[in-house]
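[1] Let me see the structure of the following:
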Amino acid sequence: MSPSPEPLDPIIHAQSRLRIMATLAAVPRGDALVFPRLRGLLGMTAGNLSTHLTRLEEAGYVEQNKTFSGRTPATYVSLTPRGRTAFADYTRRLRALLDDQ
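    The predicted structure is shown next:
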């Protein structure tokens, strides 16, 4: 009998937050996605995406940088190093759980 797998991170495990993390993990380190592009890729409402991003930001997994392009506000979203590590750990644990089946 194999030991029980490590638990999955509940912050990432929520479906919407998992989709956000997976999308941002595909962005090269040092790059970010502008909020409307991320919203479009995920097919989420602005309010729903904002709520989940706030939760991920509170956990230290994402950062949101608000700037202006002329007079137009722009929000850029990216994974933090901690977020990249958390997502890598999450996927490793998920694979271990699936392989144990």
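[2] Can you get me a residue count around the residue lying closest to Leu79 once chain neighbours are set aside?
    Residue nearest to Leu79 in three dimensions, not counting chain neighbours: Leu24, with 4.6 Å by Cβ to Cβ, 6 or more residues apart in numbering. Yep, even glycine has a C-beta here, placed from its N, CA and C like the rest. Neighbourhood size, Leu24 [other Cβ atoms under 10 Å]: 24.
[3] part of a helix, is Leu24?
    Yes - looking at Leu24 with DSSP: H, G, I helix; E, B strand; the rest coil, it is inside a helix.
[4] Just the pLDDT for it.
    According to the prediction, Leu24 has pLDDT 98.
[5] ok, it touching Leu33?
    Yes - if you go by Cβ atoms under 8 Å, Leu24 and Leu33 touch, sitting 6.8 Å apart.
[6] so what sits against both of the two?
    Each of Val77, Ser78 lies in contact with both Leu24 and Leu33 under the rule Cβ atoms under 8 Å, 6 or more residues apart in numbering.
[7] before we move on, back to that, spit out the contact partners of the residue nearest to Leu79.
    The contact partners of Leu24, by Cβ under 8 Å, 6+ apart, come to Leu33, Leu38, Val62, Val77, Ser78, Leu79, Gly83.
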